[in-house]
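*Asks:* Build the 3D model from these lines:
(2 chains)
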Number of protein chains: 2
Amino acid sequence: MSTVEQLQQRIQVLEKELEDAKAEKDAPARQKIHQMSSEVVDTNPYSRLLALQRMGIVKKYEKIRNMTVAIVGVGGVGSVTAEMLTRCGIGKLVLFDYDKVELANMNRLFFQPNQVGQTKVDAAARTLRFINPDVEIETHNYNITTVDNFVKFMNSIKTSSLKRGPVDLVLSCVDNFEARMTINTACNELNQKWFESGVSENAVSGHIQFIVPGETACFACAPPLVVASNIDEKTLKRDGVCAASLPTTMGIVAGFLVQNTLKYLLEFGTVTHYLGYNAMQDFFPTMSLKPNASCSDRFCRQRQLESAIKPKVEECEECVEEKPLHEDNEWGICLVDETVPEETEALTIVAPGITQAYDLPNQELDLDVESEIALDISDQSLEELMAKMKSI
Amino acid sequence: MSTVEQLQQRIQVLEKELEDAKAEKDAPARQKIHQMSSEVVDTNPYSRLLALQRMGIVKKYEKIRNMTVAIVGVGGVGSVTAEMLTRCGIGKLVLFDYDKVELANMNRLFFQPNQVGQTKVDAAARTLRFINPDVEIETHNYNITTVDNFVKFMNSIKTSSLKRGPVDLVLSCVDNFEARMTINTACNELNQKWFESGVSENAVSGHIQFIVPGETACFACAPPLVVASNIDEKTLKRDGVCAASLPTTMGIVAGFLVQNTLKYLLEFGTVTHYLGYNAMQDFFPTMSLKPNASCSDRFCRQRQLESAIKPKVEECEECVEEKPLHEDNEWGICLVDETVPEETEALTIVAPGITQAYDLPNQELDLDVESEIALDISDQSLEELMAKMKSI
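*Replies:* Purely as a prediction, here's the structure:
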């Protein structure tokens, strides 16, 4: 027969065990590390990254700890993008999404079935902090395309870095035209460099595109470029058909996106302006697009003029080395990859393997036609350009 | 003051809560699904995969549930490979590794810090079953390169499918030459199709290679092919330098590996024989290599003869369409990608952007030199080939 005292002791033990079991779920799996070390020991999560310096790839890897990247859309591409940057030890991530995790997302990497019902940003933040507690994660659970939220979004991009200034890069991992256009509008106005990314609805092609306002084509300069999959696209038009997706294609596009992000942030290799992926044939078209002088986005036109009067530091190597395809190549299209799979699309072919997502109905888009306000900026004097900037 | 009865009740409640808290950790997050459905609802983890059928990409996606894939090496590439196949709903995975999870692995995707100290196969199996309880996971925690384990390994490859027969495909995700050679030896003897994969020690290049015994070059037919990274390789030779790795490169190589695995298993697109990735320039060399008639592996030579006498069903399209580079192109090297980044290596260049991992010291490896026992199999009669097979 138990005494009251024995029973009370038992209760204390059980309460402690229960508390521990509950705490274990959310406990960080390791302590924060305040200084990245290159020491080669099993307990150092950064040894294989710091080795990039000794291998001669990167000059100063630790710079990444001061960097902030905003990821808009934390779905099939964005969540893997966030995990890769977290494991690389990025300083801070700013996540935007307004969706919830569903079982229907389980065919892609990252989210797990126990997270169903949680908001994507909350679920992602919890996993990312658990994987690497050194990374600061800020989350925004709203739709950036509404008028009010657009103001909040602009403000975040402008002030969310570790030093309360603009983020170092914005990565678009959204799945619709409207959200991409919203990011484009914000980044042109803020003069913010960003990467666009996308995966086709049939899951077998994708792309990334680097947009430097005023220097490379923005998302409004021309209809979006998509990688031809050589599949009859008419099957996509049926109503009520849910889009297909594969963890492979989304993981590869996220990999390309983060690899080029690392190349840009840590200054190694060549940042590719447009990189496509055709999974059916393992074909990877690359190209470089200059901005459209008659772009419908006024901030894009303003950035083009600012870019024209400042000394050039970045230049597309391939464009400089190769002869232009057309003498009046005003769109600056420059082919890097010469491998051409068979084409079946009726849409405008921009480069081998790349078509426009749609042809504009009311606008002549022949690449050789002079647009009415297209100007060869390089022929103008500084005074003329300054005057033009004021008139925009 | 509590009565004994009240205290006992409190103990019962606490014991139940503790049991639940402990059970929650290992509980499956969803029930098994016995039949894949294409129904478009948030609760269906297979809707986006079955959509591949309606999109016209795949004829019968459900076939994947009858397939078994063996993954040798569950590190940076193998673990992501396993997760992608699990999320795709593969029937069964057979995992081989003999390593433990360390914090030093946290710069790659998949493993999490709470798994440190667990064997990689156990940790992987637990996560994979949690993500998708429909996938059968079999684990082998041993080094396949020892004599005893090689026999066990061969036996597993031969009998581990869902129907107790040979697996449908072996994926090599190991990080050393000896283990690759072991897989090559086993697969040649078993006439087992497999993919080799690899990532360079400087983390900025990688490749996958499809090996069909007797039809494409095996791992012993020629020195391993590596993608040129245009980085001074001498920095790699220093003693005690730990290899660099990036979640991007490893995720991309895993993506290529699983994408080509899906293309092979589900019969869509073109399975690429050799696909390289140079991260510095976003350059993707592809090629196709015929087996070496004087390969040191006798089972490779036997498979070549068997292949020569059976009617051809598979053919490298590019090889057929394009003219050979050299008239006596006995190695069957066929260039698919014409884009050539600058080369700085002294090693033998096999195709643009691809070099051999090393030059053999005692053997002439000029691609045009006739090897002493090289034979043009297609010139021989069936009787001659049958006689030669018996003499091997």
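*Asks:* Next up, the contacts around the residue of the stretch 101-250 of chain A found nearest chain B.
*Replies:* Residue of the stretch 101-250 of chain A nearest chain B, by CB to the nearest CB: residue A:113 (3.3 Å). All C-beta spots, glycine's among them, are computed from the backbone N, C-alpha and C. Going by CB atoms under 8 Å, 6 or more residues apart in numbering or on different chains, residue A:113 touches A:103, A:106, B:29, B:30, B:45, B:130, B:131.
*Asks:* Any figure for the gap between it and residue B:104?
*Replies:* As for residue A:113, its distance to residue B:104 is 29 Å (criterion: CB to CB, to the nearest Å).
*Asks:* Contacts only, for residue A:133.
*Replies:* Per CB under 8 Å, 6+ apart, neighbours of residue A:133: A:28, A:30, A:31, A:32.
*Asks:* Among those, which ones are in helices?
*Replies:* Cross-referencing those against helices under DSSP state H gives no overlap.
*Asks:* so can I have a markdown table of the residues you listed showing neighbour count and pLDDT?
*Replies:* Shown next, in a markdown table, are these (neighbours: other CB atoms under 10 Å in any protein chain shown; pLDDT from 0 to 100):
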| residue | neighbour count | pLDDT |
| --- | --- | --- |
| A:28 | 13 | 71 |
| A:30 | 18 | 86 |
| A:31 | 8 | 89 |
| A:32 | 9 | 93 |
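*Asks:* between these, which is closest to residue A:190?
*Replies:* residue A:32 (31.3 Å; CB to CB).
*Asks:* wait, doesn't that closest one sit right on residue A:134?
*Replies:* Yes. Look at residue A:32 against residue A:134 with CB atoms under 8 Å: they come within range, at 5.5 Å.
*Asks:* what are the ranges of the helices in the stretch 51-200 of chain A?
*Replies:* For the stretch 51-200 of chain A, the helices defined by DSSP state H, counting those that start in this stretch occupy A:78-87, A:120-131, A:147-159, A:177-190.
*Asks:* Name the stretch among these that sits most buried.
*Replies:* helix A:78-87 (a mean of 28; mean count of other CB atoms under 10 Å in any protein chain shown).
*Asks:* coming back round to it: need the overlap of contacts for residue A:32 and residue A:134.
*Replies:* By CB under 8 Å, 6+ apart, no residue touches both residue A:32 and residue A:134.
*Asks:* Now do residue A:276 against chain B, distance only.
*Replies:* Noted for residue A:276: a distance of 10 Å to chain B, by CB to the nearest CB, to the nearest Å.
*Asks:* for residue A:260, same thing?
*Replies:* From residue A:260 to chain B the distance is 8 Å (CB to the nearest CB).
*Asks:* can you tell me the helix or strand for that residue?
*Replies:* Assessed by DSSP states H and E, residue A:260 sits inside helix A:247-266.
*Asks:* now for that helix, which elements pack on it?
*Replies:* Helices and strands touching helix A:247-266, by 3 or more CB pairs under 8 Å, 6 or more residues apart in numbering or on different chains; DSSP states H and E, are helix A:78-87, strand A:169-172, strand A:194-199, strand A:205-211, strand A:274-278, helix B:78-87, helix B:247-266.
*Asks:* What strands flank the second one, and is each parallel or antiparallel?
*Replies:* Partner strands for strand A:169-172, per DSSP bridges, with pairing direction: strand A:68-72 (parallel), strand A:194-199 (parallel).
*Asks:* What residues sit buried inside that strand?
*Replies:* Neighbour counts using 16 or more other CB atoms under 10 Å in any protein chain shown place A:169, A:170, A:171, A:172 of strand A:169-172 among the buried residues.
*Asks:* got the contact list for the last one?
*Replies:* Pointing back at residue A:172 there. By CB under 8 Å, 6+ apart, the neighbours of residue A:172 are A:72, A:73, A:179, A:180, A:183, A:194, A:195, A:196, A:197.
*Asks:* do the same with the first one
*Replies:* Contacts for residue A:169 were tallied using CB under 8 Å, 6+ apart; they are A:67, A:69, A:70, A:193, A:194, A:195, A:261, A:264, A:265.
*Asks:* Swap in 10 Å and give it another go.
*Replies:* A:67-71, A:85, A:192-195, A:210, A:260-261, A:264-265 (CB atoms under 10 Å, 6 or more residues apart in numbering or on different chains).
*Asks:* Kindly provide the distance from it to residue A:225.
*Replies:* 20 Å.
*Asks:* Name the nearest residue to residue A:181, ignoring sequence neighbours.
*Replies:* residue A:219 (6.3 Å; CB to CB, 6 or more residues apart in numbering or on different chains).
*Asks:* didn't that neighbour look like it was pressed against residue A:174?
*Replies:* No. In this structure, residue A:219 is not within contact of residue A:174 by CB atoms under 10 Å, at 11.2 Å.
*Asks:* Find residues that contact each of the two.
*Replies:* Common contact partners of residue A:219 and residue A:174 (CB under 10 Å, 6+ apart): A:180, A:181, A:182, A:183, A:196.
*Asks:* so what's the fourth one closest to, chain neighbours aside?
*Replies:* So that's residue A:183. Take residue A:183 and drop its neighbours on the chain: the residue closest to it by CB to CB, 6+ apart is residue A:172, 4.8 Å away.
*Asks:* So, low pLDDT: which residues of chain A?
*Replies:* A:1-2, A:25-26, A:229-241, A:312-348, A:358-392 (pLDDT under 70).
*Asks:* the strands in it, which residues?
*Replies:* Listed in chain order, the strands of chain A (DSSP state E) span A:68-72, A:92-96, A:136-140, A:169-172, A:194-199, A:205-211, A:225-227, A:274-278, A:286-288, A:334-335, A:349-351, A:354-356.
*Asks:* Any chance of TSV for those strands, columns distance to residue A:159?
*Replies:* What follows is these, written out as TSV (distance: least, CB to CB, whole Å):
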stretch	distance to residue A:159
strand A:68-72	10
strand A:92-96	10
strand A:136-140	11
strand A:169-172	13
strand A:194-199	16
strand A:205-211	21
strand A:225-227	32
strand A:274-278	30
strand A:286-288	32
strand A:334-335	36
strand A:349-351	36
strand A:354-356	35
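*Asks:* These: which one's closest to residue A:298?
*Replies:* Shortest distance between residue A:298 and the strands of chain A, using CB to CB, is found for strand A:205-211: 16.2 Å.
*Asks:* check whether the closest one contacts chain B.
*Replies:* Yes. Strand A:205-211 lies within reach of chain B by CB under 10 Å from any CB of the partner chain, at residue A:208.
*Asks:* partners of that strand in the sheet?
*Replies:* strand A:194-199 (antiparallel), strand A:274-278 (antiparallel).
*Asks:* Kindly reformat those strands as JSON lines containing distance to residue A:6.
*Replies:* Converted to JSON lines, those look like this (distance: least, CB to CB, whole Å):
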{"stretch": "strand A:194-199", "distance to residue A:6": "63"}
{"stretch": "strand A:274-278", "distance to residue A:6": "67"}
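*Asks:* Let's have the ones you listed in a markdown table, adding mean neighbour count.
*Replies:* What follows is the strands paired with strand A:205-211, written out as a markdown table (neighbours: other CB atoms under 10 Å in any protein chain shown):
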| stretch | mean neighbour count |
| --- | --- |
| strand A:194-199 | 25 |
| strand A:274-278 | 26 |
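*Asks:* can you give me the end-to-end distance of stretch A:111-121?
*Replies:* One end of stretch A:111-121 sits 11 Å from the other (CA to CA, to the nearest Å).
*Asks:* Please state the offset of it from the chain centre?
*Replies:* 21 Å (CA atoms, centre = their mean, to the nearest Å).
*Asks:* Ok, stretch A:213-225 next?
*Replies:* Distance of stretch A:213-225 from its chain centroid, counting by CA atoms, centre = their mean, is 15 Å.
*Asks:* Same question for stretch A:256-276.
*Replies:* 11 Å.
*Asks:* Quick one: end-to-end distance for that stretch.
*Replies:* Note: stretch A:256-276 ends 10 Å apart using CA to CA.
*Asks:* got CSV for the shared contacts of residue A:219 and residue A:174, with distance to residue B:353 too?
*Replies:* Formatted as CSV, these follow (distance: CB to CB, whole Å):
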residue, distance to residue B:353
A:180, 33
A:181, 37
A:182, 39
A:183, 34
A:196, 27
